[in-house]
Structures are given as C-alpha cells and as structure tokens.
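S.K.: this one's sequence-less:
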C-alpha cells in the first residue's frame, strides 16, 4: 500500500470511493447544508420531541420540523375516538380504525418519499432499506407513536414481523383485547407502497393482553385471513410462520 503522503488527490478519492462508499452513492460534492423552511436543518438520527415540534403561542399553531401544521393531543383523544366508534359501529369499529390507519399511512409514506429524496439527496429506490425505514419512523416516534423493530428474517417467504414498544394501546385498549388496529393499518399501507402490491396486517400480540410488546404481521391479504384464524386459535408465531411459508397465496 502506498504511503498516504505519496498518493495523489485522485488516488485518495478513488481509494475512499472503493472502501467507504456504497454502489448507490453518488460522487457529487456539496458545500451547502440542507434546510427546511430556510432555517431548520434536517436531523437524521434524533427523536427529541422538543426539537421536532415548535409552537407559536400567538396564533396557537404547532408545526413540526418539516413545516407541517399538526395537532398534539393526549391519549384521551384516541380513547374517546375508539369509544365513539365502538358505540356507533359496534363490531365494525376495529375495521374502521384499521382503515383510518391505512389511509393515514398511505398519505404519510407518499409524502415521505418526496421529502426523504431531498433530505438525503438520493433517489428513493437507491436508499438502503434500514436507513429508509428508520427515517420514515423516527418522526412518528418523536410524535409519541412508540419505538419499533422490524424483522425481515421471513421476508423471503413474504412475511414481515414488527415489534412495537410504547404503543398507544394502553390509552385506547381494554385489558385482554388487542387494541392497535390503527397501527396495523399504518404498517400495511407503508409496506404496500414499498412492495408495490397490496399487503395487509394484523396484530398478533398486544400489551393490553399482558404481552411484552405489541407484535404485528404484514403479508398478503389472503394470508392475513388465514393467519387471523390461526391467531385466534392460539397458534404461536413460529408455528404460524412455518405454516404460512408453505402457502402459495399471493
């Protein structure tokens, strides 16, 4: 290996490109800081709520770092929403909450794609999956929707598992019942967009049932219908994954 002092500038650049850069990265040299609304730099890795939101007391507006006006509420809001839907729609309330989550997720992931390309200055399709997913979720985490962990070990079989900590289940659920239907719709919409096909999701376990995490499965709608039956029969995740992997439901 030649000494650093003996390398030309071009040799150093080529060496760094070979050992430090991914194939998807470009070689553009940039001398500016990416900003939002002309003043707020993007933060890739922080989850601080006080930095993510700003309030204007004069007009009563709260905005996030991307300039979007938002409404900040407590868990009581979701609790009241859930109770109202259950009273008015009965057994259909869970499906309505799922559809609310799906519509929200679909709109959020579309807005995210446009924003993240500007934030990282790279085409969306060229982003590393882990960077992309964490960049999508961290504003949700800053907004109080919890911390997630996604499991792609069964993705080759068309199955994605997600664990969620600190969900809003405690605010909206009743002991012994699954409560995170909004989250299930949210995850279904996001991964449908990424997979470019219709996917669905169910909650397998919920903290309202005494489990450590809220756990979700994302896969095709036909498989979700089968998985729902198996879940209600008490089949565990490992067995369910093995059985679903043998099904050819697209």
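M.R.: Good, I have the coordinates. Quick caveat: nothing in here was measured; it's all calculated off a predicted structure.
S.K.: Is residue 51 in a helix, a strand, or coil?
M.R.: helix (DSSP: H, G, I helix; E, B strand; the rest coil).
S.K.: now do residue 217
M.R.: Classification of residue 217 by three-state DSSP places it in strand.
S.K.: cool, residue 99 as well?
M.R.: Quick answer, by three-state DSSP: residue 99 is helix.
S.K.: For residue 186, which residues are in contact?
M.R.: Taking CB atoms under 8 Å, 6 or more residues apart in numbering, we find residue 186 in contact with 101-102, 104-105, 108. C-beta coordinates here come from the backbone N, C-alpha and C atoms, glycine included.
S.K.: Output these as a markdown table; include the columns pLDDT and neighbour count.
M.R.: Putting these into a markdown table (pLDDT from 0 to 100; neighbours: other CB atoms under 10 Å) gives the following:
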| residue | pLDDT | neighbour count |
| --- | --- | --- |
| 101 | 95 | 21 |
| 102 | 97 | 22 |
| 104 | 95 | 14 |
| 105 | 96 | 26 |
| 108 | 94 | 17 |
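S.K.: and of those, the nearest to residue 66?
M.R.: Using CB to CB, the shortest approach to residue 66 within the contacts of residue 186 belongs to residue 108, at 11.4 Å.
S.K.: OK, contacts around the closest one?
M.R.: If a contact means CB under 8 Å, 6+ apart, then residue 108 has 136, 186, 189-190 as its contacts.
S.K.: What is the nearest of those to residue 164?
M.R.: Nearest to residue 164 among the contacts of residue 108 is residue 186, at 10.2 Å by CB to CB.
S.K.: Tell me which of the contacts of residue 108 fall in helices.
M.R.: In this view, the contacts of residue 108 that belong to helices under DSSP state H are 136, 186, 189-190.
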